[in-house]
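Participant: below is the structure, and that's it, no one-letter string:
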């Protein structure tokens, strides 16, 4: 599946090919798949795919926007 993973196109019916993009967020809406330190508390948080690369930094290290 090289070239299909995280390419901003939802190829798989279950959305498993886009864990770090928002391309399949309509399928993964209940799955929090990205972990990072919170900007507010510094504790580890899990984000929905739709919050990855959305232009808003949610993680203290900015990893959700890289």
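Facilitator: Arrived safely, thanks for sending. Quantities reported herein were computed from a predicted structural model and do not represent experimental measurements.
Participant: go ahead and confirm residue 6 touches residue 17.
Facilitator: Yes: here residue 6 reaches residue 17: they are 7.5 Å apart, a contact under CB atoms under 8 Å. Every residue, glycine included, has its C-beta placed from N, CA and C.
Participant: more neighbours: which of those two?
Facilitator: Taking other CB atoms under 10 Å, residue 6 and residue 17 do not tie; residue 17 has more neighbours (18 against 14).
Participant: which SSE is the residue lying farthest from the centre of the chain in?
Facilitator: In the chain, the greatest distance from the average C-alpha position (CA atoms, centre = their mean) is reached by residue 41, at 19.7 Å. Assigned by DSSP states H and E, residue 41 belongs to no helix or strand.
Participant: that one and residue 34: what is the separation?
Facilitator: Separation of residue 41 from residue 34 (CB to CB, to the nearest Å) stands at 17 Å.
Participant: could you do residue 27 as well?
Facilitator: From residue 27 over to residue 34 the distance is 15 Å, taken as CB to CB.
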